[in-house]
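Asker: pasting the sequence and the predicted coordinates here, then a few questions.
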Amino acid sequence: MASTVATQDDLAPAEDARAGVAPIRVAHVLHTFGMGGAERIAALLANYADRESFRPIIVCLGENRAEGRWELADDVAVVELRKSSGNDARVVFRLARVLREHEVDVVHSNNWGTLLETSLARRRAGVAHHVHVEHGAELADLRLGFVKRKLRGMAMRWAFRRLDALVSVCDGVTQRLCQRYGVPAERVLRVANGVETPEGATDPTHRARIRDELGVGPETCLVGSVGRLAPVKDFRTAIDAVARLVRQGRDLALLLVGDGPERAALGERAETAGIADRVHLVGEQGRVGPWLAAMDLYVNSSLSEGMSLSILEGMSAGLPLVVTGVGESASLLGGDGCGGLVVPPGSPDESAAAIARLVGDASLRGRMGRIAQARFERCYTIREMVCRYEGLYRGLLSAKPCAISGTRNA
């Protein structure tokens, strides 16, 4: 079941005559403000908002953990509500107070962790419009017990009926909303994520410098990935795949940019596989562009994804990719064999075969990298995403119904 794709023309009124009209105040609500994909999208929407028409703020129900990680514009306030762990009814009242004080016109919540609280607070504060976005299921969500899943489903269905707009970032998320929660497909808008091309991602001087720092020779094929070192990303499979190829005599190395609870275990995995000198765990980096520039191909070994921002960054850098067939990953590339190769999750053998195919064929790497980069520029830029959300906000406040196109965004 494909979701409905919202284009800028579909969502925005034909004319946006805002002379003399106060800017639309939008509150982006997050569970915490840290390093996740939803948090990054909120930061991008706030930074790139048209300041003549919009005034964004970010509200985190829990803690603000983004200091020094996201470069927010100076005029974007971040409000921290410090929600207690578990259920905390008091956060609804605190959120309502913030929405009133900032005279919010549209509240934009993200994922289950903010939906119910925002729905209740919005009504208490008298906020006119509520947009909710589902970015994708975390592995922990997929492992919920029967009772918790049932209760969550009831709460989500209750809140969904009270939304002004329900948005998913990809068809896989839309299917989950329709199948698990009974949401009619025509009620779900699809607005694809967008990212910036990381600074320095195509700069050859960064490529030479980073590889020299790592001790990776110019002829070595450097396989890389950027992401949180967490079980759901399954970087153990990437290490196992590279180990198989090294044992076959292939000249390649693996670069993992990011940090997380799996870091020590991944180092041990590389040691056990006998390739510790070829696996580079460089931790979290403020600028990922130079690290992308050093790579020859990009891998995503996730067990679960919505719409991966790191895959989009790899595409923007013109890298060919090997991705697991979960979430929207395959469709981002245009399918298997277009911008890269698609493999089953949790399969070191098939991952190794796909990597070997690209390692052994420079012309294929170049062709797939060009396709990936062209798809990014056509469909997944930050400006495209911002225009669609701003068109949605304008459409809600204009009190004009949105005409939604069924055309796919790819």
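Answerer: It's in. Residues are numbered from 1 along each chain as shown.

Asker: break this protein down into its domains, please.
Answerer: Domains of the chain are assigned by automatic domain parsing as 4-194+381-397, 204-379.

Asker: output the ones you listed as TSV; include the columns mean neighbour count and mean pLDDT.
Answerer: Every residue, glycine included, has its C-beta placed from N, CA and C. Shown next, in TSV, are the domains of the chain (neighbours: other C-beta atoms under 10 Å; pLDDT from 0 to 100):
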stretch	mean neighbour count	mean pLDDT
domain 4-194+381-397	18	85
domain 204-379	20	96
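
Asker: so where's the longest helix in this protein?
Answerer: helix 362-379 (DSSP state H).

Asker: neighbouring contacts of it?
Answerer: The contact list for helix 362-379 (C-beta atoms under 8 Å, 6 or more residues apart in numbering) reads 192, 197, 296-297, 312, 314-321, 332-334, 338-341, 357-358, 409-410.

Asker: can you do 7 Å?
Answerer: Residues outside helix 362-379 that contact it (C-beta atoms under 7 Å, 6 or more residues apart in numbering): 192, 296-297, 312, 315-316, 318-321, 333-334, 338-340, 358, 409-410.

Asker: which residues does Val195 contact?
Answerer: So Val195 contacts 309, 312-313, 316, 380, 382 (C-beta under 7 Å, 6+ apart).

Asker: if you set the cut-off to 10 Å instead, what comes out?
Answerer: 37, 40-41, 44, 309-313, 315-316, 376, 380-382, 385 (C-beta atoms under 10 Å, 6 or more residues apart in numbering).

Asker: equivalent analysis for Met307, please.
Answerer: 37, 41, 135-136, 168-173, 190, 192-194, 327-329, 331-332, 380.

Asker: on the three-state scheme, it is what?
Answerer: Three-state assignment for Met307 (DSSP: H, G, I helix; E, B strand; the rest coil): coil.

Asker: what separation do you get for it and Glu186?
Answerer: To Glu186, Met307 is 21 Å away according to C-beta to C-beta, to the nearest Å.

Asker: likewise Leu397?
Answerer: 22 Å.

Asker: go on, Gly34?
Answerer: From Gly34 across to Glu186, the span is 34 Å (C-beta to C-beta).

Asker: toward the C-terminus, what is the element adjacent to the strand or helix carrying Val223?
Answerer: Assigned by DSSP states H and E, Val223 belongs to strand 221-226. Along the chain past strand 221-226, the next helix or strand (assigned with DSSP H and E) turns out to be helix 235-247.

Asker: coming back round to it: so which of the contacts of helix 362-379 are in helices?
Answerer: Using DSSP H, the contacts of helix 362-379 in helices are 312, 315-316, 333, 358.

Asker: where does Val131 land in three-state SS?
Answerer: Following three-state DSSP, Val131 is assigned to strand.

Asker: beta partners for it?
Answerer: Following DSSP bridges, Val131 is listed with bridge partners His108, Ala165.

Asker: let me see the contact set for it.
Answerer: Taking C-beta under 10 Å, 6+ apart, we find Val131 in contact with 26, 28, 106-110, 118, 163-167, 189, 191, 389, 392-393, 396.

Asker: separation between the residue nearest to Ala208 when sequence neighbours are not counted and Asp212?
Answerer: For Ala208, ignoring the flanking residues on the chain, the nearest one in space by C-beta to C-beta, 6 or more residues apart in numbering is Pro218 at 8.0 Å. Pro218 sits 9 Å away from Asp212, taking C-beta to C-beta as the criterion.

Asker: run through who's touching stretch 149-160.
Answerer: Under C-beta under 10 Å, 6+ apart, the answer for stretch 149-160 is 109, 112, 115-120, 130, 132, 134, 141-145, 166, 177, 180-183, 187-188.

Asker: repeat the analysis, applying 6 Å as the threshold.
Answerer: Residues outside stretch 149-160 that contact it (C-beta atoms under 6 Å, 6 or more residues apart in numbering): 115-116, 119, 181, 183.

Asker: looking at those, which is nearest Pro348?
Answerer: Tyr181 (34.9 Å; C-beta to C-beta).

Asker: isn't Val104 right next to Pro23, touching?
Answerer: No - Val104 lies out of contact with Pro23 (C-beta atoms under 6 Å); the separation is 11.6 Å.

Asker: ok so, going back, other SSEs contacting the strand holding Val223?
Answerer: If contacts are counted by 3 or more C-beta pairs under 6 Å, 6 or more residues apart in numbering; DSSP states H and E, strand 221-226 sits against strand 252-257, strand 297-300.

Asker: switch those over to CSV; also include distance to Tyr48.
Answerer: Shown next, in CSV, are those (distance: least, C-beta to C-beta, whole Å):
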stretch, distance to Tyr48
strand 252-257, 24
strand 297-300, 25
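
Asker: of those, which is nearest Ala77?
Answerer: From the helices and strands packed on strand 221-226, taking C-beta to C-beta, the stretch that ends up closest is strand 252-257, at 30.1 Å.

Asker: so what's the gap between that closest one and the chain middle?
Answerer: 21 Å (C-alpha atoms, centre = their mean, to the nearest Å).

Asker: partner strands of that strand, with direction?
Answerer: Each strand paired with strand 252-257, and its direction, by DSSP bridges: strand 221-226 (parallel), strand 279-283 (parallel).

Asker: tell me which stretches of this protein form strands.
Answerer: Ranges of strands within the chain are 4-5, 24-30, 54-60, 77-80, 106-110, 129-134, 165-168, 188-190, 221-226, 252-257, 279-283, 297-300, 321-324, 340-343, based on DSSP state E.

Asker: let me have those in a markdown table, extended by distance to Thr205.
Answerer: Supplementary listing: the strands of the chain in a markdown table, determined by distance: least, C-beta to C-beta, whole Å:
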| stretch | distance to Thr205 |
| --- | --- |
| strand 4-5 | 39 |
| strand 24-30 | 36 |
| strand 54-60 | 35 |
| strand 77-80 | 35 |
| strand 106-110 | 37 |
| strand 129-134 | 38 |
| strand 165-168 | 40 |
| strand 188-190 | 39 |
| strand 221-226 | 16 |
| strand 252-257 | 18 |
| strand 279-283 | 18 |
| strand 297-300 | 20 |
| strand 321-324 | 24 |
| strand 340-343 | 26 |
